[in-house]
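Novice: how would this look folded up:
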Amino acid sequence: MYAPSWLPGIATWLGTTAVNTDTISGVLYRGPYYGVGGTVCGAPYGPFGNLNNCYGAGTVQESRELSPELVAAISTGYCLTGSPNLLAYGDNYYSSMFAKFPSNAGYDGGWIADMDINGFFWNLLAGKWWGFFWGYGRTQSWVSARQGCVSAPINRTLNVGFNLASIPNATQVRVTLTKPDGTSVTNTCTSSPCAVIADAREGSHLVTLTYLSASGSVLAISSEPEVVDVN
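Specialist: Model prediction:
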């Protein structure tokens with residue numbers, strides 16, 4: 001199934017049904033229910049639902065420390081749709097974690113103090129939390145989403161030189177430019193240089209030269225790709 005047909009729906013569910021809207025000392029938990037949607041934490045949710053099976057957290061901070069599990073999904077859903085609702089859901093989760101000061105948007109007196117300097121996350125035995133937030137959790141993806149998601153390609157023309165006479169019977173060269181994202185572009189030329197389009201967003205590219213005969217048969221390939229920095 002093509003992801004955009006269902007992923008925004010998951011993001012919406014995570015931003016609505018999955019949110020713990022109960023309060024403690026007058027402050028909303030604002031994190032997700034623990035194991036929400038699973039066999040243990042099932043509907044009904046909320047203050048009158050399966051609280052003991054869903055919380056997984058005893059404090060506001062602990063509740064919000066569950067949020068990195070879902071920020072990336074909301075980021076992706078928002079980038080696919082531009083939905084103002086998903087924008088609000090992402091802002092809610094993100095500000096609940098990081099709005100530390102009253103001047104910060106979304107501030108409510110609670111934040112993840114464990115991430116403060118000398119907080120719990122700085123303990124050498126708590127290294128998993130950095131990966132939880134910034135590794136597989138991709139919490140930083142929401143900042144990118146708020147800036148407009150994936151930026152447009154920044155095209156740069158690379159003029160790749162080659163020596164056609166160095167390979168007997170070669171009449172043309174195919175230049176293959178491989179980008180860091182794994183995609184590639186090619187151009188075949190009968191004279192040097194040969195122009196190919198790189199994307200400056202991605203930095204270093206790899207260039208491979210393939211020498212061809214008049215019939216298109218491969219006569220030689222460069223021994224190893226050349227790294228070209230694109231900016």
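
Novice: next SSE after the least confident helix or strand in the chain by mean pLDDT?
Specialist: One helix or strand of the chain scores below all others by mean pLDDT, DSSP states H and E: helix 51-54, with a mean of 64. The first helix or strand that comes after helix 51-54 along the chain, using DSSP states H and E, is helix 60-64.

Novice: correct me if wrong: residue 178 contacts residue 184.
Specialist: Yes: Residue 178 is within contact range of residue 184, at 4.5 Å (criterion: C-beta atoms under 8 Å). Yep, even glycine has a C-beta here, placed from its N, CA and C like the rest.

Novice: okay, stretch 13-33 in PDB with CA atoms only?
Specialist: Provided in PDB are the C-alpha atoms of stretch 13-33 (Å, rounded to 0.1, in the frame of the first residue of the first chain):
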ATOM      1  CA  TRP A  13      -4.700   9.300  15.600                       C
ATOM      2  CA  LEU A  14      -1.400   9.900  17.400                       C
ATOM      3  CA  GLY A  15      -2.300  13.600  17.800                       C
ATOM      4  CA  THR A  16      -5.800  13.000  19.100                       C
ATOM      5  CA  THR A  17      -6.700   9.600  20.600                       C
ATOM      6  CA  ALA A  18      -3.200   8.800  21.800                       C
ATOM      7  CA  VAL A  19      -2.800  12.000  23.800                       C
ATOM      8  CA  ASN A  20      -3.000  11.700  27.500                       C
ATOM      9  CA  THR A  21      -5.400  14.600  28.400                       C
ATOM     10  CA  ASP A  22      -5.500  13.900  32.200                       C
ATOM     11  CA  THR A  23      -4.000  16.300  34.600                       C
ATOM     12  CA  ILE A  24      -1.700  16.200  37.600                       C
ATOM     13  CA  SER A  25      -1.500  19.200  39.900                       C
ATOM     14  CA  GLY A  26      -3.400  21.200  37.300                       C
ATOM     15  CA  VAL A  27      -0.900  20.400  34.500                       C
ATOM     16  CA  LEU A  28      -1.800  18.300  31.500                       C
ATOM     17  CA  TYR A  29       0.200  15.200  30.900                       C
ATOM     18  CA  ARG A  30       0.300  16.000  27.200                       C
ATOM     19  CA  GLY A  31       2.400  12.900  26.300                       C
ATOM     20  CA  PRO A  32       1.000   9.800  24.700                       C
ATOM     21  CA  TYR A  33      -0.500   6.900  26.600                       C
END
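
Novice: quick one: contacts for the closest residue to residue 104 other than its chain neighbours?
Specialist: Spatial nearest neighbour of residue 104, excluding adjacent residues (C-beta to C-beta, 6 or more residues apart in numbering): residue 95 at 6.8 Å. Going by C-beta atoms under 8 Å, 6 or more residues apart in numbering, residue 95 touches 104, 105, 106, 107.

Novice: find the nearest non-adjacent residue to the residue positioned nearest the centre of the chain, please.
Specialist: Geometric centre of the chain, nearest residue: residue 141, 4.9 Å, by C-alpha atoms, centre = their mean. Closest residue in space to residue 141, ignoring its immediate chain neighbours: residue 75 at 4.0 Å, by C-beta to C-beta, 6+ apart.

Novice: local confidence estimate at that neighbour?
Specialist: We have a pLDDT of 95 for residue 75.

Novice: what's the answer for residue 154, then?
Specialist: At residue 154, pLDDT is 94.
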